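> Structure for the following, please:
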Amino acid sequence: MSEAPAASRPCPSCASVRAEPFFRIAATPVTCTSLFDTAEQAQAVPCGPVDLAVCTACGLIYNAAFDAARAQIGACYESSQAASAHFGAFARNLATTWVDRYALAGETVLEIGCGQCDFLRLLLHTGVAQAIGVDPLAPRPSGPESDRLEIHQRLFDDTMLDIGAKAAVCRHTLEHIDDVAGFLQALARWAARDSERVVLFELPATERLLDEGAFWDVYYEHCNYFTVRSLVHAFEAAGFEVLRCEPTYGDQYLLLEARAAPATGRQPAFDGVADIVHRCRRFAHRVAAAVDRCECELRRMSAAGRPIVVWQGAAKTVGFLAAVAGSELVHSAVDLNAQRHGKYLPGSGLPVMAPEMLRTLQPAHVVLMNPVYRSEVQSMLDGLGVSTRLTTVVELCEFASPQDASASI
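Next comes the predicted model:
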């Protein structure tokens, strides 16, 4: 990492050129969720820079060096978390909540960025009559619900405004869209065609990333990082009335619900920006020390002579290893998702294996990339008879408190 240059492109939400750079990763894989058949293929993935800047007009954080064409290289992903019981319970509860709150039983629902269609199938099981998915990489429908599932392998734009649905769901997609304003304005035009339509979004919560110093959640594919305020700003500016916007899932995600707003000519109030800018500066200060700490801890763990394993064979591990020197000290990653087993992670070429392999490996340390799964993972390790030290990535960094970091700036 090194100091970030001046922002090289305007804010993708409000088009302001007033942005303050605060964090840089010189080279990180352009894909963090793609998997590869060999270590050589994984290590050959192109890299790009991440130059995080915060817009001082609306508060959006974005990668000022993002190149959409570069991000499409190798875009073939396996990002499902359905194998986790903890995440599965969250997703089922979310589907039930949205179906009940907006009377979606018996209705048609559109999902933009539907991925492998896991959530669309949950909505069908929860009472939705028809599901429409829009995603360039979504598979063709198959299985029991295929007659109620319609897939469009493309991006959502103004040519799709005639799609009839009562709700549009968009989960973990907006952070990948480089033209935030253009996308939301098109969606607002779709929503405005029926006053009962709602849009339902879920995406990463940047407050947690900033306050925890979670540099492992910074990826090339994520060109935007939203806080509650910057997310509300973006939707209001695009022509929405925001009904609800709140953190969930251990403050890791944001949920936003909105309708098309009546035309009033009123401009959104861009308040709270100064606080976001301050948190960005604090993040940069804390992470510099945290990365040094992680590198020292990995070397110390390796000195014991037994393997180090990372628990998660996906994006967080890719982000962590791209920012921290010493990836060669990590033996492998484990993951519950069987589709990832026997594959290799981009950049480092780290192999991904099933948790059962830990019985033979008996690592000295398991580094857990997402602390929300600590109880679930510890129970699995105990059940497998694996005697190891389970350490979360936050513990590995041993961050000072936010107050301490703030005082030292």
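> Quick check: next helix or strand after the longest helix anywhere in the chain?
Taking DSSP state H as the criterion, the chain has its longest helix at helix 273-302. Scanning forward in sequence from helix 273-302 by DSSP states H and E, the next helix or strand is strand 308-311.
> Partner strands of that next one and their direction?
strand 332-334 (parallel), strand 365-368 (parallel) (DSSP bridges).
> low-scoring stretches of the stretch 201-350 of the chain, by residue?
Per-residue confidence for the stretch 201-350 of the chain (pLDDT under 70) gives these ranges: 264-269.
> coming back round to it: mind putting the strands paired with strand 308-311 in CSV, distance to residue 211 included?
(Each C-beta comes from the backbone N, C-alpha and C, glycine too.) Below are these laid out as CSV (distance: least, Cβ to Cβ, whole Å):
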stretch, distance to residue 211
strand 332-334, 26
strand 365-368, 19
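> Of these, which is nearest residue 160?
Shortest separation from residue 160 across these is recorded for strand 332-334, at 37.4 Å, computed as Cβ to Cβ.
> now that closest one, how far from the chain's geometric center?
The chain centre lies 20 Å from the centre of strand 332-334; the measure is Cα atoms, centre = their mean, to the nearest Å.
> Which elements pack onto the helix or strand just after that strand?
Going down the chain from strand 332-334, the next helix or strand is strand 352-353, by DSSP H and E. Where contact means 3 or more Cβ pairs under 8 Å, 6 or more residues apart in numbering; DSSP states H and E, strand 352-353 is packed against strand 332-334.
> one step back: buried residues, the longest helix of the chain. List them.
273, 276-277, 279-287, 289-291, 294, 297-298, 301-302 (16 or more other Cβ atoms under 10 Å).
> Domain map for the chain?
Domain assignment for the chain by automatic domain parsing gives 19-77, 85-264, 277-397.
> and of those domains, who's closest to residue 11?
Comparing these under Cβ to Cβ, the one sitting nearest is domain 19-77, at 4.0 Å.
> can I assume residue 99 is in contact with residue 125?
No: counting by Cβ atoms under 8 Å, residue 99 does not reach residue 125; the two are 9.9 Å apart.
> Bridge partners for the most centrally placed residue in the chain, pull those for me.
Centroid check for the chain by Cα atoms, centre = their mean gives residue 204 as the closest residue, at 5.1 Å. In this entry, residue 204 is beta-bridged to residue 253, by DSSP bridges.
> Tell me who's in contact with it.
Neighbouring residues of residue 204 by Cβ atoms under 8 Å, 6 or more residues apart in numbering: 172, 175, 217, 222, 225-226, 252-254.
> From these, pick the one nearest residue 362.
residue 217 (29.6 Å).
> For that closest one, grab phi and psi.
Backbone torsions of residue 217, given as degrees, to the nearest 10, read phi -100, psi 20.
> mind checking how far it is from residue 345?
15 Å (Cβ to Cβ, to the nearest Å).
> out of these two, which sits in the more crowded spot?
residue 345 (32 against 23; other Cβ atoms under 10 Å).
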